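1. sequence? don't have it. structure:
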């Protein structure tokens, strides 16, 4: 029977949760790197025991870690991370200029085909690639030097490149999302980039329909339909059927269209999951009810999934990287909260059980489906 490894990054360390294919009995290992913020852990799709971790401290800066034994032991790698070449500046909407600076690695995305290739999205917004398993890195400078770059500005969490999506049908195509600049696509392996924000409307920026400046929270794709993208934006759930060239809203009958994560069922390309949050100023579930919403129609209609989730006095948040799916049948759905809970549904969202209750605030959740 296949196994499951859930990788959890928190405010105070990393945790590795494992179970067999039934997903009903879990072993909790951790904390790894106790006391450190672990912004993201991601397992390799080509090497089941390889895991990358982004480890950050206000005292000691950014460290990258790699495990080649499923998280039992770790090796620091790639710690020469720094912007290369001329740093450049950003000009905020108020007309003031701010220099680029490196703060942390927000997201790690291993290649779908090359065992030692991994990408990193960082703050301030830029994308890096390593071809030697994370030991050395080089920037893909075409994104940061895009003509629109000087007009990017930070979202509430910083000016972060927080999402990298790789196209399984085209090794040259990848997508990124930046808060607050928008979504971008490369069709040449990261050499050049195109803003893909047509159809997005963001109140509060000088031009609500501008080419860039939108606060995109997360992108999701089903591997069988790489031209269909789903987006959770700062207000609005969106869909594109043409690889991001055009977007249209699919918020439907959600109680609120503000949220952070979005993900797609492993076997049903039109089944999408979001976790609505009350507003951009109230980062907790509407009415204090923790509900995952599922659409089986690609976003036209949504249904609340509540069985096993607290339906009163719940004021946690679910962050952008804190939801994931496995590839078992039925598909498993996972998410973690800022209250330290990690939930699993082994039946595609019909019911939920907590794997753990009392971790530090969860920053990211990723899943490896093991042979």
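-> Everything's here; your move. None of the values given here were measured: they were computed from a predicted structure.
2. those strands in the stretch 251-371 of the chain, which residues are they?
-> Ranges of strands within the stretch 251-371 of the chain are 259-264, 272-276, 292-295, 303-305, 323-325, 333-336, 342-345, 353-356, 362-370, based on DSSP state E, counting those that start in this stretch.
3. Any chance of these in a markdown table with mean pLDDT as columns?
-> Output for those, formatted as a markdown table (pLDDT from 0 to 100):
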| stretch | mean pLDDT |
| --- | --- |
| strand 259-264 | 98 |
| strand 272-276 | 98 |
| strand 292-295 | 98 |
| strand 303-305 | 98 |
| strand 323-325 | 98 |
| strand 333-336 | 98 |
| strand 342-345 | 98 |
| strand 353-356 | 98 |
| strand 362-370 | 96 |
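4. Kindly tell me how buried residue 312 is, as a neighbour count.
-> Per other Cβ atoms under 10 Å, the neighbour tally for residue 312 reads 8. Using the backbone N, CA and C atoms, a C-beta is placed for each residue, glycine as well.
5. Start at 288, not 1
-> Done: numbering now begins at 288, and the last item shifts to residue 599.
6. who's in contact with it?
-> Contact analysis of residue 599 by Cβ atoms under 8 Å, 6 or more residues apart in numbering lists 575, 576.
7. how far away is it from residue 522?
-> Noted for residue 599: a distance of 26 Å to residue 522, by Cβ to Cβ, to the nearest Å.
8. ranges for the helices of the stretch 388-537 of the chain?
-> 428-431 (DSSP state H, counting those that start in this stretch).
9. residue ranges of the strands in it, please?
-> Going by DSSP E, counting those that start in this stretch, the stretch 388-537 of the chain shows strands at 391-397, 405-410, 413-417, 425-426, 447-453, 461-466, 469-473, 481-482, 503-508, 516-520, 524-527, 535-536.
10. how many other residues sit next to residue 542?
-> Residue 542 has 15 neighbours, counted by other Cβ under 10 Å.
11. do you know how far it is from residue 295?
-> For residue 542, the distance to residue 295 - Cβ to Cβ - is 27 Å.
12. How about residues contacting stretch 535-544?
-> Contacts of stretch 535-544 (Cβ under 8 Å, 6+ apart): 486, 517, 522-527, 561, 563-566, 573, 578, 580, 582, 585-589.
13. do that again at 7 Å, thanks
-> Applying Cβ atoms under 7 Å, 6 or more residues apart in numbering, the contact partners of stretch 535-544 are 486, 522-526, 563-566, 573, 580, 582, 585-589.
14. Now mean neighbour count and distance to residue 416 too, for the strands of the stretch 538-658 of the chain, in TSV please.
-> Below are these laid out as TSV (neighbours: other Cβ atoms under 10 Å; distance: least, Cβ to Cβ, whole Å):
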stretch	mean neighbour count	distance to residue 416
strand 546-551	24	24
strand 559-563	25	29
strand 579-582	22	33
strand 590-592	17	37
strand 610-612	24	23
strand 620-623	27	27
strand 629-632	24	30
strand 640-643	17	33
strand 649-657	23	19
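15. and of these, who's closest to residue 386?
-> Nearest of the strands of the stretch 538-658 of the chain to residue 386, taken as Cβ to Cβ: strand 649-657 at 26.4 Å.
16. Centre of the chain to the closest one, how far?
-> 11 Å (Cα atoms, centre = their mean, to the nearest Å).
17. Quick check: which helices or strands does it pack against?
-> strand 290-297, strand 324-330, strand 610-612, strand 620-623 (3 or more Cβ pairs under 7 Å, 6 or more residues apart in numbering; DSSP states H and E).
18. Pipe the ones you listed into JSON lines and attach distance to residue 537 per row.
-> Formatted as JSON lines, the helices and strands packed on strand 649-657 follow (distance: least, Cβ to Cβ, whole Å):
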{"stretch": "strand 290-297", "distance to residue 537": "28"}
{"stretch": "strand 324-330", "distance to residue 537": "27"}
{"stretch": "strand 610-612", "distance to residue 537": "17"}
{"stretch": "strand 620-623", "distance to residue 537": "19"}
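19. Quick one, which of the ones you listed gets closest to residue 445.
-> With Cβ to Cβ, the closest approach to residue 445 among the helices and strands packed on strand 649-657 belongs to strand 324-330: 10.9 Å.
20. For the helix or strand just after the closest one, enumerate the helices and strands it packs against.
-> Of the helices and strands lying after strand 324-330 in sequence (DSSP states H and E), the nearest is strand 338-344. Judged by 3+ Cβ pairs under 7 Å, 6+ apart, strand 338-344 is in contact with strand 324-330, strand 348-354, strand 391-397.
21. Quick check: which of those strands is nearest to residue 422?
-> Relative to residue 422, the nearest member of the helices and strands packed on strand 338-344 by Cβ to Cβ is strand 348-354, separated by 8.5 Å.
22. re the thing from before, which one of the strands of the stretch 538-658 of the chain lies closest to residue 363?
-> Closest to residue 363 of these, according to Cβ to Cβ: strand 649-657, at 19.0 Å.
23. got the angle between that closest one and strand 338-344?
-> 170 degrees (axes from the mean of the first three to the mean of the last three Cα atoms, to 10 degrees).
24. what does strand 649-657 rub up against?
-> Contacts with strand 649-657, where a contact means Cβ under 7 Å, 6+ apart, come from 289-298, 325-330, 335, 606, 608-615, 621-625, 627, 629.
25. hmm, which of these are the buried ones?
-> For the contacts of strand 649-657, a neighbour count by 16 or more other Cβ atoms under 10 Å gives the buried set as 290-298, 325-330, 606, 608-613, 615, 621-625, 627, 629.
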